[in-house]
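>>> Predicted model and sequence below, questions to follow.
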Number of protein chains: 2
Amino acid sequence: MSAKSNTPRSKYVPRAASITIKDVAREAGVSVASVSRVMNGHDNVQAETRARIQAVIERMRYSPHLGARELITRRSRIIGVLLPDLHGEFFSELIRGIDTAARERKLHLLLSSAHGDAAEMVAAIQSMRGRVEGLLIMAPHLDASGISERLSEPVPMVFMNSRVEGGLPSVSIDSYSGARAMVRHLVSCGHRTIAHISGPADNFDSHERRRGYEDELAASLPGARALILPGDFGEASGHAAGCALAARSPRPDAVFAANDMMAIGALSAFGSQGLEVPRDIAIAGFDDIPLAAFVRPALTTARVHIAELGRLALRRVVAAIELALGQPLDEPGDLAPDCLTLQPEPVVRQSCGARLAGPLNEK
Amino acid sequence: MSAKSNTPRSKYVPRAASITIKDVAREAGVSVASVSRVMNGHDNVQAETRARIQAVIERMRYSPHLGARELITRRSRIIGVLLPDLHGEFFSELIRGIDTAARERKLHLLLSSAHGDAAEMVAAIQSMRGRVEGLLIMAPHLDASGISERLSEPVPMVFMNSRVEGGLPSVSIDSYSGARAMVRHLVSCGHRTIAHISGPADNFDSHERRRGYEDELAASLPGARALILPGDFGEASGHAAGCALAARSPRPDAVFAANDMMAIGALSAFGSQGLEVPRDIAIAGFDDIPLAAFVRPALTTARVHIAELGRLALRRVVAAIELALGQPLDEPGDLAPDCLTLQPEPVVRQSCGARLAGPLNEK
DNA sequence: CTCGCATGTGTAACCGTTTACATGTTGGTG
DNA sequence: CACCAACATGTAAACGGTTACACATGCGAG
């Protein structure tokens, strides 16, 4: 019979082994437990021993393997973020908001973008299982309620700007009210025929803004016909729609674009068609992206705090995690309500043709 | 003495235990090994057994705990992305590019933003240890070479648009050449006094563009004085600089802004000062963000494929990982060169005052 | 009829941590 | 002086997977 080898099997150390807690323990002449205690700032270790271990940790530049820690503690401090294929500043602002709030809480973000149906979303979520503690999901194109049911196990999740049912936690922008307010404003400026450039057909916000346009039109200008041109939230589609509107006869007095990008595209189209805004045609957008204030004429729009949306969503998911855990993550948590709706706030600039009295309504 | 309990210690199951491979194995009446084999698509399991296990997996909706798998396989399929505090479309385009390439390879992105010095960067990287297989780093404000040295263990990493030394892998935009080309173009349009709105002082790209401006000015217009106004890559700073330039006497013929955002800000300032672009003053930007084509007059700029930068950086880090591993991650890898420089390509539109013959140089 | 080999399945070691519990070692107290 | 608390430290189980190796079986060849 062969003697049992007590050297570790080499097969299990295929690559350059990194420094583990065991290496530190051996080097310092203590057990792994003590090293662990020092690493986690426990106080039940003698000052002298602690110093020795500390020194070795620094000398070897040991930093713990978070994956392993996560396995036993079941805390990863990672939030999964699932977004559709987003463009432009909306995307970056949203991420910034989420990231800001995450940084404050020392949380990490695992990003995943899926531009597909519910099945793809579920797959993406599954592929995060065992890594994330909570989920932030933006599913603007479909009914988000189905997603959570299709999951094998419940993960704390918060939806952003999605159509949710059944009281799932969510943070949204009130696109409908914002659109109504904007149309109302255009009417108050004296415009009587108001066209709409809509966003993608399968998008929730897009749908809500269009609905707001239609309802307010019917309410404010009884008898007025809705005129809707399709767009896709991109500048190019706004440009195209702008060209179409400029060529139209009779030309509408004003245009309400479903977002600023398209409004800017339309503005550019009007300019190249020789129309003067707002004298010949007025326009208003939605979102108040930073550029809206810098185009000529400056764009009237509905301000949406996108970063705030992200920030609130993250705080909400933290609250959901704490709820599931039955204990605060760190400090006493900041529990937000289950369903939150942010109100867009109209920003009146030049493009709508409002007769501004006194100082401009501008930051 | 007390009998040794053989029930698992309850302390270790503090929360709703999720379905593990053991549950599946028990339910299917096999060992965990067989379940694992099925999950990983190994062929050494009988068709009948496989079907039974498969059924249980689906019924219980089992999906493996990735963190645990990662521990033993040492593969997480996660790439860490470390970015500075970025704004606007540059950020979103970059992420999109990285994400696109990551999706193709079924990799995940762990996002972290740090707007600080090297120490903070190192801390952020440490906090990813044991979770990421590679790193994508953008450190525009400092010498990135120091970072890799301060790390306890080498992780495959690729820098983006950073000042690197010592042949560290990187993907960058050739801001210097781009700036020279743009200034050269302005000169060729007949402009003789050309001002520059620069980016943040501690930014690498900003520095390179400014250097390109100065060198080309000296080369093309010997004796011309450089006129540099400070900016910060934001529209507002461009607007402020634009106001200052418009009020200046004598007014420069043309302005080269270090990025499009500032150029658009300046454009807006010129408009509100009653100047007509390009007749009274010409302007050119850098980046070619989508909006550049939609402002009036359309902005002449240097096109930078930001998404491409991200895509290439990700491919490069995959190559670096494969190199470190000594084997391809999946299929034969696409090894990119160690240091890659992307050339910006001038896009001539109206704002520079070029006498465009024939069809516009526009997509 | 044995032997060898292929094939399918189970057992247990291992990844790098945390932590409950056991085991010293003190020092104070009755 | 025995006893016990308090404290420091070590030991080993556990987290949820993967996989090398052992083992059992069936079958064809010598």
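The structure has been received and is ready for your questions.
>>> how much space between the residue nearest to A:Leu299 when sequence neighbours are not counted and DNA strand D?
The shortest distance from A:Leu299 to any non-neighbouring residue, by C-beta to C-beta, 6 or more residues apart in numbering or on different chains, is to A:Ala292 (4.1 Å). C-beta: built from backbone N, CA, C; applies to glycine. Distance, A:Ala292 to DNA strand D, by C-beta to the nearest atom of the strand, to the nearest Å: 48 Å.
>>> next one: A:Arg184
54 Å.
>>> Checking that residue next. Helix, strand or coil?
Here A:Arg184 is recorded as helix under DSSP: H, G, I helix; E, B strand; the rest coil.
>>> OK, contacts around A:Cys189?
A:Ala254, A:Ala282, A:Cys352, A:Gly353, A:Ala354, A:Arg355 (C-beta atoms under 8 Å, 6 or more residues apart in numbering or on different chains).
>>> so which of the residues you listed comes closest to B:Glu58?
Lowest distance from B:Glu58 to the contacts of A:Cys189 (C-beta to C-beta) belongs to A:Ala254, with 55.4 Å.
>>> Look up phi and psi at the closest one.
The phi/psi pair for A:Ala254 (degrees, to the nearest 10) reads phi -150, psi 160.
>>> ok, A:Thr73 - how many residues close by?
12 (other C-beta atoms under 10 Å in any protein chain shown).
>>> returning to that earlier point: just send the contacts of A:Cys189 back as a markdown table, with pLDDT, neighbour count and distance to chain B too.
Formatted as a markdown table, those follow (pLDDT from 0 to 100; neighbours: other C-beta atoms under 10 Å in any protein chain shown; distance: C-beta to the nearest C-beta, whole Å):
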| residue | pLDDT | neighbour count | distance to chain B |
| --- | --- | --- | --- |
| A:Ala254 | 96 | 26 | 19 |
| A:Ala282 | 96 | 25 | 16 |
| A:Cys352 | 93 | 28 | 17 |
| A:Gly353 | 87 | 22 | 17 |
| A:Ala354 | 80 | 20 | 17 |
| A:Arg355 | 68 | 6 | 18 |
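>>> Which ones among these lie within strands?
Using DSSP state E, the subset of the contacts of A:Cys189 located in strands is A:Ala254, A:Ala282.
>>> can you list the contacts of A:Cys189 in a markdown table and add distance to DNA strand D?
Shown next, in a markdown table, are the contacts of A:Cys189 (distance: C-beta to the nearest atom of the strand, whole Å):
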| residue | distance to DNA strand D |
| --- | --- |
| A:Ala254 | 58 |
| A:Ala282 | 59 |
| A:Cys352 | 57 |
| A:Gly353 | 62 |
| A:Ala354 | 60 |
| A:Arg355 | 66 |
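>>> Under the pLDDT cut-off, which ranges of the stretch 101-250 of chain A? List them.
Applying pLDDT under 70 to the stretch 101-250 of chain A flags the ranges A:116, A:142-145, A:152.
>>> okay, now A:Pro154: neighbour count?
A:Pro154, neighbours per other C-beta under 10 Å, totals 11.
>>> Distance-wise, check it relative to A:Val35.
Note on A:Pro154: its distance to A:Val35, by C-beta to C-beta, to the nearest Å, is 36 Å.
>>> hang on, the earlier thing: I'd guess the residue nearest to A:Leu299 is in a helix, am I close?
Yes: looking at A:Ala292 with three-state DSSP, it is inside a helix.
>>> A:Gly67 reaches B:Arg74, doesn't it?
No: between A:Gly67 and B:Arg74 there is no contact under C-beta atoms under 8 Å: 9.3 Å.
>>> Output the strand or helix carrying A:Ser206 in PDB with nothing but the alpha carbons.
Using DSSP states H and E, A:Ser206 sits within helix A:204-220. Extracted C-alpha coordinates of helix A:204-220, given in PDB (Å, rounded to 0.1, in the frame of the first residue of the first chain):
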ATOM      1  CA  PHE A 204     -44.100  52.900 -20.800                       C
ATOM      2  CA  ASP A 205     -43.100  56.600 -20.300                       C
ATOM      3  CA  SER A 206     -43.700  57.200 -24.000                       C
ATOM      4  CA  HIS A 207     -47.200  55.800 -23.600                       C
ATOM      5  CA  GLU A 208     -47.900  57.800 -20.600                       C
ATOM      6  CA  ARG A 209     -46.800  61.100 -22.100                       C
ATOM      7  CA  ARG A 210     -48.800  60.500 -25.200                       C
ATOM      8  CA  ARG A 211     -51.800  59.700 -23.000                       C
ATOM      9  CA  GLY A 212     -51.200  62.900 -21.100                       C
ATOM     10  CA  TYR A 213     -51.100  64.900 -24.300                       C
ATOM     11  CA  GLU A 214     -54.300  63.400 -25.600                       C
ATOM     12  CA  ASP A 215     -56.200  63.900 -22.400                       C
ATOM     13  CA  GLU A 216     -55.100  67.400 -21.800                       C
ATOM     14  CA  LEU A 217     -55.800  68.300 -25.400                       C
ATOM     15  CA  ALA A 218     -59.300  67.000 -25.000                       C
ATOM     16  CA  ALA A 219     -59.800  68.900 -21.800                       C
ATOM     17  CA  SER A 220     -58.200  72.200 -22.600                       C
END
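>>> And that helix, what does it pack against?
Packing partners of helix A:204-220 (3 or more C-beta pairs under 8 Å, 6 or more residues apart in numbering or on different chains; DSSP states H and E): helix A:175-188, strand A:194-198.
>>> Mean neighbour count, these: which tops it?
Highest mean neighbour count of these: strand A:194-198, a mean of 26 (counted as mean count of other C-beta atoms under 10 Å in any protein chain shown).
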